[in-house]
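Undergrad: this one's structure only:
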DNA sequence: CCGAACTTTCAATAATAATTGAAAGTTTAT
DNA sequence: ATAAACTTTCAATTATTATTGAAAGTTCGG
């Protein structure tokens, strides 16, 4: 497709592998992370076919994971004039990428946890297990408070401008 | 073992399931997360046998995962006088738990990523692909800067007192 | 409306990750 | 030094998760 020095292709490949590995350690489908990595380091539009070829994966796999990346807001669908098939472009801004990943995972994982913790806060007690129920309730309360703190901060982060964040953050770090 | 209202046992069970599910979505072995949850909501010391019985898992599984929890600093080994076997106690402080998880995952996942990003920063260029190499290098640089920012903040967080963190954090949130 | 060009779905299959349990290893009391 | 009590290991098995690819679905130009 392109004539590049081996070094650039090697580097791309290495980045894709590493991003895939990181993703899979964090519960994200390795292939989806690899496709994401490919989009992160590719300036041009890519078709599903390009992705299939470059990562040596099947049509179904490519389609499904590109779809999820679009849902997450990490990849955009674009049309090429004169072409019938779909093309895609990756979100390049790593700050936006982070915000979008935070939003999805907050919704998919933190919210259900908060919901369950709220439920667990009010449990029956009787004379036989008063102490135990108290200890349990206290512990759940602590975990819930912490989770709410995390939830609030993630919400703030995922709605803020990078510059605002960096400024406040620098104060926090010094 | 204890006489409790169904509600307490149900609640414990539900918490264990939820914590296990959260863990597995974040790339932590579901059983390890469940054992951790059990320790979080259990005041008493537990033996490996207790854990096996309560979670209905094998000896090998219990042993391996308790070992990892100890490595992570989330469970402590303790001896009961007059007993030969080992007993364990969970770290209850959710702030400490967070700090220890951050440390482990930073070391296991963020550090290797930073290492690779550093490698990828210097790649060969020639007249045919100057533009592409520049774009790639710029993108890797951005990702690396961001990862370093994250790394620094996580280091700070995992070394700080909860009170310090809360205070600074409250300012950050307002 | 037709058929070519493309996308989506999903049951079957493959790859990966977790679990078991019995054997080997270790520790301790006597 | 021995045996009982306990812990660890790891090859075989099971469970979970991801991938394939062909068939079904969709869209579009003429």
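TA: Nice, I can see it. Note that the structure is predicted; figures quoted are calculated from it, not measured. Numbering: from 1, shown residues only, chains lettered A, B, ... in the order given.
Undergrad: do the lengthiest helix in chain A and chain B meet at all?
TA: Criterion DSSP state H: the longest helix present in chain A is helix A:130-159. Yes. Helix A:130-159 is in contact with chain B by CB under 8 Å from any CB of the partner chain, via A:132-133, A:135-136, A:139-140, A:142-143, A:146, A:149, A:152-153, A:156. C-beta: built from backbone N, CA, C; applies to glycine.
Undergrad: got the contact list for the residue nearest the centre of chain A?
TA: In chain A, the residue lying closest to the centroid (CA atoms, centre = their mean) is residue A:101, at 2.9 Å. Taking CB atoms under 8 Å, 6 or more residues apart in numbering or on different chains as the criterion, residue A:101 is in contact with A:72, A:74.
Undergrad: Check the one 10 residues further on too.
TA: Residue A:111 makes contact with residue A:151, according to CB under 8 Å, 6+ apart.
Undergrad: Backbone dihedrals for it, both of them.
TA: Backbone torsions for residue A:111, taken as degrees, to the nearest 10, come to phi -60, psi -50.
Undergrad: swap in residue A:76?
TA: According to degrees, to the nearest 10, residue A:76 has phi -110, psi 140.
Undergrad: before we move on, what SS does the nearest residue to it once chain neighbours are set aside have?
TA: Sequence neighbours aside, residue A:89 is the residue nearest to residue A:76 in space, at 5.1 Å (criterion: CB to CB, 6 or more residues apart in numbering or on different chains). Assigned by DSSP: H, G, I helix; E, B strand; the rest coil, the conformation of residue A:89 is strand.
Undergrad: Give me the neighbour count for residue A:89.
TA: Close neighbours of residue A:89, defined as other CB atoms under 10 Å in any protein chain shown, add up to 15.
Undergrad: secondary structure element for the residue of chain A found nearest DNA strand D?
TA: Proximity of chain A to DNA strand D (CB to the nearest atom of the strand) peaks at residue A:60, 1.9 Å away. Using DSSP states H and E, residue A:60 maps to helix A:59-72.
Undergrad: What is that helix packed up against?
TA: Counting contacts by 3 or more CB pairs under 8 Å, 6 or more residues apart in numbering or on different chains; DSSP states H and E, helix A:59-72 is packed against helix A:30-40, helix A:48-55, strand A:75-79, helix A:94-105.
Undergrad: Can you check which of the ones you listed gets nearest to residue B:12?
TA: Closest of the helices and strands packed on helix A:59-72 to residue B:12 is helix A:94-105, at 26.0 Å (criterion: CB to CB).
Undergrad: what is the orientation angle of that closest one with helix B:130-159?
TA: Taking axes from the mean of the first three to the mean of the last three CA atoms, to 10 degrees, one finds that helix A:94-105 is oriented at 50 degrees with respect to helix B:130-159.
Undergrad: mind checking how far helix A:94-105 is from the chain centre?
TA: Averaging C-alpha positions (CA atoms, centre = their mean, to the nearest Å) puts helix A:94-105 6 Å from its chain's average.
Undergrad: Could I get the buried residue list for the helix or strand following it?
TA: Once helix A:94-105 ends, the next helix or strand along the chain (criterion: DSSP H and E) is helix A:111-120. Neighbour counts over helix A:111-120 (16 or more other CB atoms under 10 Å in any protein chain shown) mark A:113, A:114, A:116, A:117, A:120 as buried.
Undergrad: so which of the residues you listed comes closest to residue A:8?
TA: Proximity of the buried residues of helix A:111-120 to residue A:8 (CB to CB) peaks at residue A:113, which lies at 42.5 Å.
Undergrad: How about the closest one, nearest residue that isn't a chain neighbour?
TA: Nearest residue to residue A:113, sequence neighbours excluded (CB to CB, 6+ apart): residue B:22, at 5.5 Å.
Undergrad: Count the residues that sit near that neighbour.
TA: Neighbour count for residue B:22, taken as other CB under 10 Å: 20.
Undergrad: where does it fall, phi/psi-wise?
TA: Here is the backbone geometry of residue B:22 (degrees, to the nearest 10): phi -60, psi -50.
Undergrad: Pull out the buried positions in stretch A:25-41.
TA: Within stretch A:25-41, the residues that count as buried by 16+ other CB under 10 Å are A:25-26, A:28, A:30-41.
Undergrad: Show the low-confidence segments of chain A, by residue range.
TA: Flagging of chain A using pLDDT under 70 yields the residue ranges A:1-6, A:174.
Undergrad: how's it carved up into domains?
TA: Split into domains by automatic domain parsing, chain A comes to A:6-90, A:94-173.
Undergrad: Quick check: which of the ones you listed is buried the most?
TA: Of all those, domain A:6-90 carries the top mean neighbour count, a mean of 17, counting by mean count of other CB atoms under 10 Å in any protein chain shown.
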